[in-house]
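# Provide a 3D model corresponding to the input given below.
(2 chains)
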Amino acid sequence: DGGITQSPKYLFRKEGQNVTLSCEQNLNHDAMYWYRQDPGQGLRLIYYSQIVNDFQKGDIAEGYSVSREKKESFPLTVTSAQKNPTAFYLCASSTLTGSGANVLTFGAGSRLTVL
Amino acid sequence: QKEVEQDPGPLSVPEGAIVSLNCTYSNSAFQYFMWYRQYSRKGPELLMYTYSSGNKEDGRFTAQVDKSSKYISLFIRDSQPSDSATYLCAMTTGGTALIFGKGTTLSVSS
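Numbers count the residues shown, from 1 in each chain, chains lettered A, B, ... in the order given. From the prediction side, this is the model:
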């Protein structure tokens, strides 16, 4: 079945450590996204990529980095510069529908906890 | 004013009730409107999307868009306990990243 795989599902990190969250899709979608979800905050866009080897900052990119070396993969690194990294991280991908809607398909999420 | 406003709830209804979930927005350039459902500790899944104004129906779910009022709604008929989840509205001008509401938490009791 086509879909988006995020790993790990749960991750614990000590302060000062960098961690990388994996996101792989087999939907042949061109665009990929990373969102952060906090209680009461909704989904906030961290980074997105519309094509291989290119990506743009979203609303809350500080303290995060990404790469897009392959169409299928869009890993997110949470660096030690991110002051409050404990959150639920969601990866998504999209393609345009026939009507032009940018419909996102989400992965199951990765929950990061900083100890 | 935030781009997309959504009442977080929680909203509690008995099984079989009609549920109305709503969002307002400020950007008149939004053309595509979507509703996602998110179960606890899971990723959101697309329920419905509509283009411009009008209604769209899919089983027990109806999405309405009123662009003149900058107001969208999702109606759930004959609500079931399995409908208990957080419902997120999202919108875009087209071909760009979605802007999400904060989500409304719905609880349907049997």
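# mind listing the strands for the chain?
In the absence of a named chain, this looks at chain A. For chain A, strands defined by DSSP state E occupy the ranges A:4-7, A:10-13, A:19-25, A:31-38, A:42-51, A:54-57, A:64-66, A:76-78, A:87-96, A:102-106, A:110-114.
# try again with chain B
Here chain B has its strands, by DSSP E, at B:4-6, B:11-14, B:19-25, B:32-38, B:45-51, B:54-58, B:61-66, B:71-76, B:85-92, B:99-100, B:104-109.
# And the last one, what does it pack against?
Under the contact definition 3 or more CB pairs under 8 Å, 6 or more residues apart in numbering or on different chains; DSSP states H and E, strand B:104-109 sits against strand B:11-14, strand B:19-25, strand B:85-92. For the C-beta atoms, the positions are set from N, CA and C on the backbone; glycine is no exception.
# one more time with 6 Å
Counting contacts by 3 or more CB pairs under 6 Å, 6 or more residues apart in numbering or on different chains; DSSP states H and E, strand B:104-109 packs against strand B:11-14.
# Quick check: buried residues in stretch A:44-51?
By neighbour count with 16 or more other CB atoms under 10 Å in any protein chain shown, stretch A:44-51 contains the buried residues A:L45, A:I46, A:Y47, A:Y48, A:S49, A:Q50.
# quick check, distance from that stretch to the centre of its chain.
Distance of stretch A:44-51 from its chain centroid, counting by CA atoms, centre = their mean, to the nearest Å, is 8 Å.
# Using CSV, write down the CA coordinates of that stretch.
Provided in CSV are the C-alpha atoms of stretch A:44-51 (Å, rounded to 0.1, in the frame of the first residue of the first chain):
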residue,chain,number,x,y,z
ARG,A,44,2.6,24.8,12.3
LEU,A,45,4.8,24.4,9.2
ILE,A,46,8.5,23.9,9.8
TYR,A,47,9.9,23.3,6.2
TYR,A,48,8.6,22.2,2.9
SER,A,49,10.1,21.0,-0.4
GLN,A,50,8.4,21.0,-3.8
ILE,A,51,11.3,19.4,-5.7
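# Good, we can wrap up now.
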